[in-house]
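> got a sequence here, can you model it:
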Amino acid sequence: MALAALVTYPAGKIPFLWVDDPTPVRAPGPGGDPISVIIALPLRDGFALVADPAQPPAPTVTSWRVELDATGLLRVCSPRDTPEQSFVSDLQLATPPGWREHAHRLGAVLLLVGCGLQLDDAAHLEENAAACARAGLLISAVVAYAETQPGGRPRP
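Numbers count the residues shown, from 1 in each chain. Below you'll find the predicted structure:
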């Protein structure tokens, strides 16, 4: 599941994209403890753990990108993806007014990935994000944004 938000900071509005894995796949981590795959893979690419969801870290990760077509079909692409499968694919995304314009103008979005965010309960997102952050299950990075034509081709 994904949720788009336009967040206002003193420097301006920042397009956020929240991605949640409600049923995480766990694998052994480097210390032997199980770790969520949806968290582990982006961390290897430069995403940062979020301690405070109100002030998420924003390292730039150039190997990732978010694509959104005119119909609202979302893809989040990682360097491990194949043409047939991306990190997030074919997910319908509603965007708030101004989100696309800001993302297009900046050429980037702040991508937040978590496990257990319960994005369908937007009224409790702040609480759920804080719980995920405390559990080490929320990461973020600034990634490239592109609008595409249906089928994934870049828009002219």
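
> quick one: contacts for the nearest residue to residue 96 once chain neighbours are set aside?
Nearest non-adjacent residue to residue 96, counting by C-beta to C-beta, 6 or more residues apart in numbering: residue 6, 5.3 Å away. All C-beta spots, glycine's among them, are computed from the backbone N, C-alpha and C. With contact set as C-beta atoms under 8 Å, 6 or more residues apart in numbering, residue 6 has these partners: 13, 14, 15, 16, 96, 97, 98, 99, 102.

> which ones among these lie within strands?
Those of these mapping onto strands are 13, 14, 15, 16, per DSSP state E.

> can you confirm the residue nearest to residue 96 is in a strand?
Yes. Secondary structure of residue 6 (DSSP: H, G, I helix; E, B strand; the rest coil): part of a strand.

> list the beta-bridge partners for it.
Judged by DSSP bridges, the bridge partners of residue 6 are residue 15.

> okay, which residue is most central for the protein?
The chain has residue 111 as the residue nearest its centroid, 3.2 Å off, counting by C-alpha atoms, centre = their mean.

> which residues touch stretch 113-132?
1-3, 18-22, 24, 36, 38-39, 42, 47, 50, 53-54, 112, 135, 137-140.

> restrict those residues to the buried ones and give me that as a PyMOL selection.
In PyMOL syntax, the buried subset of the contacts of stretch 113-132 is picked out as below (16 or more other C-beta atoms under 10 Å):
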select buried, resi 2+3+18+19+20+21+24+36+38+39+42+47+50+53+112+137+138+139+140
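
> what ranges do the strands span in this structure?
Counting by DSSP E, the chain has strands at residues 2-9, 12-20, 26-28, 34-36, 48-49, 60-69, 73-77, 88-92, 108-114, 138-148.

> how far away is residue 114 from residue 55?
16 Å (C-beta to C-beta, to the nearest Å).

> just residue 130 next, same as before
Taking C-beta to C-beta as the measure, residue 130 falls 12 Å from residue 55.

> higher neighbour count, those two?
residue 130 (16 against 9; other C-beta atoms under 10 Å).

> measure that one to residue 95 for me?
Separation of residue 130 from residue 95 (C-beta to C-beta) stands at 24 Å.

> where does the protein have low pLDDT?
Along the chain, segments meeting pLDDT under 70 span 22-34, 150-156.

> most neighbours of all the ones in strands among the contacts of residue 6, which one?
Neighbour max across these (other C-beta under 10 Å) = residue 15, 25 neighbours.

> alright, that wraps it up for me.
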